[in-house]
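Test case, fold it:
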Amino acid sequence: VGKTEPKYWLQAVTQFPSHPRTIDIARVLLQKNPNQPRLQLLLANYADERPGILPVLDNLVSKSGAQLRSQDWEAVATAYWENRQYAKAALAYAKTPHTPRNLYRLGRGFQLSNNKAKAIAIYQQLIRAFPNAEETDAALMNLARMTEKKQAIAYLDRIISRFPNSAGTALEKKADILD
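Numbering: from 1, shown residues only. As a prediction, the model looks like this:
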């Protein structure tokens with residue numbers, strides 16, 4: 001119907017953004033005019049697992065990055081993360097609200113893209129801001145892997161004392177270091 005009456009396609013985009021047909025409509029509209037941030041964000045939010053999303057995200061960031069709000073950056077960052085583009089995800093997560101998940105993924109993105117210094121700084125920021133969050137447990141474990149033995153033991157001790165679900169793994173790693 002939208003081919004003869006374009007208003008129906010726009011109505012679908014507005015009213016049913018997550019519907020699979022709406023995602024197909026957005027792709028068709030972006031082929032005609034690729035510089036439509038609203039449609040690109042729709043794909044970032046609802047089609048991050050579909051093939052061809054990376055060029056859409058890259059175009060959105062390069063052309064409209066300055067106009068994106070923090071929740072838009074979070075959708076972009078998540079889409080990059082789900083597509084294993086960790087360096088790009090880290091840059092996008094740097095512009096998101098500081099939640100435990102966002103800080104963890106920011107640090108992990110830096111770690112996976114071989115930026116150890118930034119990863120350590122972000123993990124430490126996460127630990128200070130959210131000392132009891134689930135992501136803090138993972139950040140401490142990653143820090144233990146990235147640092148010298150003495151510092152690693154301190155991180156593992158924090159896991160043992162604060163996170164009982166991971167205490168066994170932390171004890172095992174501590175024993176390996178001490179051995």
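
and Trp51, what helix or strand is that in?
Quick fix: residue 51 reads Pro, not Trp. Assessed by DSSP states H and E, Pro51 sits outside every helix and strand.

And the pLDDT at Trp9?
Confidence per residue is given as pLDDT, and for Trp9 that number is 79.

I figured it hits Ile23, correct?
No. The pair Trp9 / Ile23 is not scored as a contact, 11.9 Å apart, by Cβ atoms under 8 Å. For every residue, glycine as well, the C-beta is placed using N, CA and C.

helix, strand or coil for Ala79?
Secondary structure state of Ala79, per DSSP: H, G, I helix; E, B strand; the rest coil, is helix.

what's the closest non-adjacent residue to it?
The shortest distance from Ala79 to any residue that is not its chain neighbour, by Cβ to Cβ, 6 or more residues apart in numbering, is 3.7 Å, and that residue is Asp48.

so how many other residues sit close to the one you found?
Asp48 is surrounded by 19 other residues when neighbours are defined as other Cβ atoms under 10 Å.

Which pLDDT value goes with Pro51?
Pro51 carries a pLDDT score of 89 in this model.

quick one, what contacts the residue nearest to Ala79?
78-79, 82-83 (Cβ atoms under 8 Å, 6 or more residues apart in numbering).

what about Ala79, neighbour count?
Ala79: 27 neighbours (other Cβ under 10 Å).

quick one: low-confidence ranges for this structure?
Counting by pLDDT under 70, the chain has low-confidence residues at 1-6.

hey, where'd the helices end up in it?
6-15, 20-32, 37-46, 53-64, 70-82, 86-93, 100-112, 116-129, 134-146, 149-162, 167-178 (DSSP state H).

just checking, Ala79 touches Ile53?
Yes. Counting by Cβ under 8 Å, Ile53 is a contact partner of Ala79 at 6.1 Å.

hey, what's in contact with both of the two?
Contact criterion Cβ under 8 Å, 6+ apart; residues bridging Ala79 and Ile53 by contacting each: Ala44.

Look up how far Ser64 lies from the closest residue in space to Gly109 that isn't next to it in sequence.
In space, not counting the residues next to it along the chain, Gly109 is nearest to Ala90; the distance is 2.9 Å by Cβ to Cβ, 6+ apart. For Ala90, the distance to Ser64 (Cβ to Cβ, to the nearest Å) stands at 19 Å.

What of Ala77?
Distance, Ala77 to Ser64, by Cβ to Cβ: 15 Å.

same question, Ser161
Distance from Ser161 to Ser64, counting by Cβ to Cβ: 46 Å.

For those two, indicate the residue with more neighbours.
Looking at Ser161 and Ser64 with other Cβ under 10 Å, you find the greater number of neighbours at Ser64, namely 16 against 10.
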